[in-house]
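1. could you look at this predicted model? Sequence included:
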Amino acid sequence: MEKVSEIINKARKMNIAIPAFNVPYLPMIEPIIQAVIDEDSFSLIEVARVEWMKMGAKGPREVYEEFIKWEKPNYVRLHLDHVPVIDEDNKRVDYLPIIKEALEMGYESVMVDGSRLDLEANIQATRRVVELAHKKDAACEAELGAVMGHEPGPLPPYEEIFASGKGFTDVKEAEIFVAQTNCDWLSVAIGNIHGAISGALRNKKKPEARLDIKHLSRLSEVTRIPLVLHGGSGIAREYYLEAVKNGISKVNVGTELRQTYEAALQEDNSIAKAQDAVYNHTRNLISGYYNVSGIQKKIFG
Ligand code: 13P
């Protein structure tokens, strides 16, 4: 079976970005997988720590157990998204046991998020996880720079973030970081923001993000590994398409489908109907915005 790192490397060569769909609720897993299969596409299913701490994903084991009921490895693989070293509430996290357990269980790739640490501490934390992951033949994603949005409280106005380049991944640091950690994929901050997950903002439409494509292309040149775009819901599409041509090989999608599931559930109080809504919306995203229908055959030949 092809390793997920090989699949993402192929995507990079083909200038395709593989969507990674977050599953903050367990019943979202089946319809997303079915939509990927029905679109002849390929995606990752992923869960972040915040989604079992603050939403309905329950835990990495519960997600794994639901995933293996529906999995088809030529269409979907399972990824552990953001396990932060310092979380969105500024609390230290005992991140290694979480990641170890997921790798033991069968997650094929994991993300350690040391982005709230300084460069040296982020390198150290990432190195530990790279070592663990590679021992299991799994891939390790890391983050450098700050993709904001998950923290409680309002963000500064979006235009201010973009114009100031606040939190953007530094090019020189990215070169050093990748050389010293040997991470497989790097999440970069180039104007992208996460959808809010707390308070009244969690149900609101995200501000439409733009991306600094020149900056991205410099990051891609110096790192020469697949780059990951977090905050993949609601980015202005022309910027997204350019990003894929300039080094983005994986795109994380959370808010789009979470809000679809929650809104449908609230309207009808029926999980089956909410699953239908997620299925339809995932198909539309795959064939429309992300434009990855039919990539399964291109990837697997
Ligand atoms: P959005 O919720 O903004 O799509 O971001 C998801 C994400 O980046 C998860 O890691």
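-> Thanks, I have it. Numbering: from 1, shown residues only.
2. got the buried residues for whatever helix or strand Glu267 lives in?
-> In this assignment (DSSP states H and E), Glu267 forms part of helix 255-268. Along helix 255-268, these residues count as buried under the neighbour rule (16 or more other Cβ atoms under 10 Å): 255-262, 264-265. C-beta here means a position set from N, CA and C on the backbone, and glycine is covered the same way.
3. keep those, but drop any that are not near the ligand.
-> Of the residues in the buried residues of helix 255-268, proximity to the ligand by Cβ under 6 Å from any ligand atom holds for 255-256.
4. now do the contacts for the residue of the stretch 151-300 of the chain found nearest the ligand.
-> Here the residue of the stretch 151-300 of the chain nearest the ligand is Gly254; by Cβ to the nearest ligand atom that distance is 2.8 Å. For Gly254, the contact set (Cβ atoms under 8 Å, 6 or more residues apart in numbering) comprises 21-22, 24, 48, 194-195, 232-233.
5. now render these as a markdown table, adding neighbour count, distance to the ligand and pLDDT.
-> Converted to a markdown table, these look like this (neighbours: other Cβ atoms under 10 Å; distance: Cβ to the nearest ligand atom, whole Å; pLDDT from 0 to 100):
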| residue | neighbour count | distance to the ligand | pLDDT |
| --- | --- | --- | --- |
| Phe21 | 29 | 9 | 98 |
| Asn22 | 29 | 5 | 98 |
| Pro24 | 22 | 9 | 98 |
| Ala48 | 28 | 6 | 98 |
| His194 | 24 | 5 | 93 |
| Gly195 | 23 | 4 | 90 |
| Gly232 | 29 | 5 | 97 |
| Ser233 | 23 | 3 | 97 |
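6. I'd say Met14 and Lys298 touch.
-> Yes: counting by Cβ atoms under 8 Å, Met14 does reach Lys298; the two are 6.5 Å apart.
7. Pro27 looks like it's in a helix, true?
-> Yes: according to DSSP: H, G, I helix; E, B strand; the rest coil, the state of Pro27 is that of a helix.
8. who are the contact partners of it?
-> Counting by Cβ under 8 Å, 6+ apart, Pro27 touches 261, 271, 274-275.
9. gap between it and Glu39?
-> Separation of Pro27 from Glu39 (Cβ to Cβ, to the nearest Å) stands at 20 Å.
10. do Lys10 as well
-> 18 Å.
11. ok, Ile123 next?
-> With Cβ to Cβ as the criterion, Ile123 and Glu39 are 38 Å apart.
12. what's the offset of stretch 252-269 from the middle of its chain?
-> 17 Å (Cα atoms, centre = their mean, to the nearest Å).
13. do stretch 160-180 as well
-> Distance, stretch centre to chain centre, for stretch 160-180: 18 Å (Cα atoms, centre = their mean).
14. ok, and what's touching that stretch?
-> Contacts of stretch 160-180 (Cβ under 8 Å, 6+ apart): 119, 122-123, 126-127, 142, 144-148, 155-156, 183, 186, 188-191, 193, 209-210, 212, 215, 218-219, 222-225.
15. surely Lys58 meets Trp52?
-> Yes: counting by Cβ under 8 Å, Lys58 does reach Trp52; the two are 5.6 Å apart.
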